[in-house]
Each structure stands twice: as C-alpha cells, then as structure tokens.
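Enquirer: Got a sequence here, can you build the structure:
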Amino acid sequence: MSFVRCLMALVAGLFGLVVRAVTIDAVKVGADPSGKTLCTAQLQSAIDQTAAAGGGEVVVRSGVYLVTALTLKSGVTLRLDGGAVLRPSRASADYGTDKLPVVGAECATGIAVIGKGVIEGAVTVFTMRMARL
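Expert: Okay, here's the model as predicted:
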C-alpha cells in the first residue's frame with residue numbers, strides 16, 4: 001500500500017470515515033437474485049475484494065439472494081437496495097460449522113449495512129440444529 005493511501009486510511013480511521021475506493025455489484029460477480037441458488041461464495045468474494053482494494057461498497061440490487069453466513073471486513077459497506085432480500089438458506093447442511101449470523105463481522109472497523117433492503121432471519125434452521133446437538 002502506498003504512503004498516501006496508508007495516510008488516507010489512518011486519517012479516515014481517526015475520524016470514523018470510510019474511504020470508498022471501489023463499488024462492486026453483487027450480480028456482476030455472479031450472485032443469483034432469483035432466490036433459488038446459494039450465492040454466499042459470490043457475495044463473500046465481493047466483500048473480500050472490496051476490503052482488499054482498501055474499502056468501498058458492495059451493492060446488492062433488487063432480488064432475493066440465498067445465503068448462509070457473510071462476514072464483513074474492515075472498510076466495507078454492504079448496501080441493500082430497495083427490494084433486495086438476503087434470505088438465509090433453510091438447509092442446515094449449507095452451514096457446515098458456521099455459527100455466525102446472516103451478516104456478521106469480527107474485529108472489523110468502518111463497516112456498515114445500509115439501504116432499504118431486508119435481511120431475513122433463520123430461527124427455524126438454527127433451532128433445529130441446536131435440537132440435534
């Protein structure tokens with residue numbers, strides 16, 4: 001990372017600002033808005049690419065996106081446009097050992113989830129998993 005970019009990141013961190021370096025459209029990286037195909041890998045890849053570029057926005061356009069656990073990284077804003085729905089997979093096998101919420105973060109700063117979209121819950125899936133333990 002160049003000196004100028006490091007300095008910008010430091011200043012942004014001091015003032016709680018996010019330097020939006022890139023914008024990645026979820027559909028353009030292969031996320032399926034039909035609600036029929038699991039697209040966690042594509043959305044997570046968009047989040048990871050955005051973080052690696054120094055921060056920015058992952059845009060989720062109108063549609064239903066079937067997901068498991070997504071992990072936000074520092075400097076990433078997840079923007080859910082109106083009509084966008086992050087719907088948790090109802091198949092407990094899709095989760096493996098993940099115990100994270102639909103959208104979570106660990107040790108991340110400068111993150112946000114914005115927009116008029118919806119993040120649905122998956123209480124039934126997790127209740128069934130806990131009952132089997």
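Enquirer: make it CA atoms for all contacts and neighbour counts henceforth
Expert: Fine.
Enquirer: Just the pLDDT at Met8, thanks.
Expert: Turning to Met8, the model gives it a pLDDT of 54.
Enquirer: With the one 5 residues further on instead?
Expert: At Gly13, the predicted lDDT confidence score is 56.
Enquirer: Quickly note the distance from Gly30 to Pro101.
Expert: With distances defined as CA to CA, to the nearest Å, the gap from Gly30 to Pro101 amounts to 22 Å.
Enquirer: Correction: the previous question concerned Glu57.
Expert: The spacing between Glu57 and Pro101, counted by CA to CA, is 20 Å.
Enquirer: Likewise for Thr71?
Expert: Distance from Thr71 to Pro101, counting by CA to CA: 9 Å.
Enquirer: More neighbours: those two, which one.
Expert: With other CA atoms under 10 Å as the criterion, Thr71 and Pro101 differ in neighbour count, and Thr71 comes out ahead with 18 against 15.
Enquirer: That one - that's part of a strand, no?
Expert: Yes: counting by DSSP: H, G, I helix; E, B strand; the rest coil, Thr71 is found in a strand.
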